[in-house]
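1. Need the 3D shape of this:
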Amino acid sequence: MRYLEALADNPILLAPMAGVADGPFRAINKRYGAGLSCTEMVSAKGLHYGQNSNRSHLLLKLVPEEVPAVAQLFGSEVSLMAEQARAVADLMGDTVVAIDINMGCPVPKVVNKGDGSALMKAPERAAEIVSAMRSALDDCERSDLAVTAKIRKGWSPEQVNAVEFAKELEAAGAAAITVHGRTTDQFYRGRSDLQIIAEVKEALSIPIIASGDAFTAEVCFDIMERTGADAVMVARGAYGNPWIFERAAAIRAGRTLPPEPTLKQRLDLLREHARMTIDWYDDPHLARMRKHAAWYTAGQPAATVFRGRLHNISTMDGLDALIEEYLERHG
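-> I've put the predicted structure just below:
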């Protein structure tokens, strides 16, 4: 299966982050050495009913640098998820190696509809979704396309069920499972529980991907060692920091670690990222880039002043001028 080959080839993966991991973001992180990337989560219901169809199809659009990649769907209606797994397979063809099911999103507007990590409270339904998607892909002769899932530790400290839940998904046909070591009610607070990831890995025979707190390349490999996970998914660690994957590649190859990026390198990449974003959305305004600009400059001289001035900038010309002024003073 191509998915398993890709996972083995580079186990330091880029996480699917809603509102962050769009095409330009994924392209940049892939350039610096990220393993498999994944689309932002896409609503199966939205695809089926055509709600925001342009937006949904843009979410499924890949950049050449990341092919092959993974597409992620979310939803809790068994037949709808199976139908849209087949539709996505038809739409994306050989550019994807897996369709991932989001069973870990803790955001209330998702969970309140029974989607995302609400499925952690419905293991039988979750397993039915995996089984139905697997059958739908087999029926359309896409047995090469893996069905995977991203889950959490559990719903709450009193409802930790990742091991049993993951076993159900494996039995239903999941080819791999990503485990985020926090419960739904933690969101992204506190520490990711590496022990629960290790327990899932011990209990299952399919590949397990660890998620949570992978903020440096060194930590990625420490997580793999401590949990036995086959791969690690980098999320917030990649915010304004595609160099995390460059460092991870050096560690894997036994090479000398590259130096930390200079302020100019950070701002040059910010500028390129902004131009890519304009092209991607066909929109000259840069409101989407403000969070990325803040991440690229985090920890740099006078970063607070830079971030403050970003709020008054909405065009590429304005960003160029701010960057030049910032470099002149602090570069």
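
2. and the chain, what are its domains?
-> Listed by automatic domain parsing, the domain ranges of the chain are 2-253, 263-330.

3. mind checking how far the longest one is from the chain centre?
-> Taking the mean C-alpha point of domain 2-253 and that of its whole chain, the gap between them comes to 7 Å (Cα atoms, centre = their mean, to the nearest Å).

4. Quote the end-to-end distance of it.
-> 22 Å (Cα to Cα, to the nearest Å).

5. what mean pLDDT would you report for it?
-> Domain 2-253 carries an average pLDDT of 97.

6. Any idea how many residues pack against the nearest residue in space to residue 31 that is not next to it in sequence?
-> Nearest non-adjacent residue to residue 31, counting by Cβ to Cβ, 6 or more residues apart in numbering: residue 65, 6.1 Å away. Glycine gets a C-beta too; all of them are placed from N, C-alpha and C. Close neighbours of residue 65, defined as other Cβ atoms under 10 Å, add up to 15.

7. start at 46 instead
-> Understood, numbering begins at 46; the last thing we discussed is residue 110.

8. buried set for the longest helix seen in the chain?
-> Longest among the helix segments of the chain by residue count, using DSSP state H, is helix 308-326. Residues 308, 311-312, 314-316, 318-323, 325 are the ones in helix 308-326 that count as buried (16 or more other Cβ atoms under 10 Å).

9. picking up where we left off before, shouldn't the residue nearest to residue 76 be in contact with residue 74?
-> No. Applying Cβ atoms under 8 Å as the test, residue 110 and residue 74 come out as separate, 9.3 Å apart.

10. The spatially closest residue to residue 184 that is not a sequence neighbour: what's it in contact with?
-> Excluding its sequence neighbours, the residue lying closest to residue 184 (Cβ to Cβ, 6+ apart) is residue 131, at 7.5 Å. Residue 131 sits next to 181-182, 184-185, 187 when contact means Cβ atoms under 8 Å, 6 or more residues apart in numbering.

11. Next one: residue 131 relative to residue 124, how far apart?
-> From residue 131 across to residue 124, the span is 11 Å (Cβ to Cβ, to the nearest Å).

12. repeat for residue 79
-> Where residue 124 is concerned, residue 79 sits at a distance of 34 Å (Cβ to Cβ).

13. Settle it for me: which of the two has more neighbours?
-> Shown here are residue 79 and residue 124; by other Cβ under 10 Å, residue 79 has more neighbours (26 against 13).

14. In three-state terms, label the more buried one for me.
-> Following DSSP: H, G, I helix; E, B strand; the rest coil, the label given to residue 79 is coil.

15. go on, residue 193?
-> Residue 193 - assigned by three-state DSSP - is strand.

16. do the same with the one 4 residues further on
-> Judged by three-state DSSP, the three-state class of residue 197 is strand.

17. and if you look at the one 3 residues further on?
-> Under three-state DSSP, the three-state class of residue 200 is strand.

18. Quick check: it touching residue 227?
-> No. Residue 200 lies out of contact with residue 227 (Cβ under 8 Å); the separation is 11.0 Å.

19. Have a look at the two and say which one is more surrounded.
-> The residue with more neighbours, out of residue 200 and residue 227, is residue 227; 24 against 20, by other Cβ under 10 Å.

20. so what's that one up against?
-> With Cβ under 8 Å, 6+ apart, residue 227 has these contacts: 197-198, 233-235, 237-238, 257.

21. repeat that with 6 Å
-> Taking Cβ atoms under 6 Å, 6 or more residues apart in numbering, we find residue 227 in contact with 198, 237, 257.

22. Could you pull up phi and psi at the residue nearest to residue 282 when sequence neighbours are not counted?
-> The spatial neighbour of residue 282 that comes closest, neighbours along the chain excluded (Cβ to Cβ, 6+ apart), is residue 260 at 4.2 Å. When read as degrees, to the nearest 10, the backbone of residue 260 gives phi -100, psi -20.

23. what's the spacing between residue 188 and residue 112?
-> From residue 188 to residue 112 the distance is 20 Å (Cβ to Cβ).

24. Between those two, which is the more surrounded one?
-> Using other Cβ under 10 Å as the criterion, residue 188 and residue 112 rank with residue 112 on top: 14 against 11.

25. contacting residues around the more buried one?
-> Here residue 112 is in contact with residue 140 (Cβ under 6 Å, 6+ apart).

26. Show me what residue 277 is bridged to.
-> As for beta bridges, residue 277 partners with residue 57, residue 255 under DSSP bridges.

27. okay, now it: neighbour count?
-> Neighbours of residue 277 under the rule other Cβ under 10 Å: 28.
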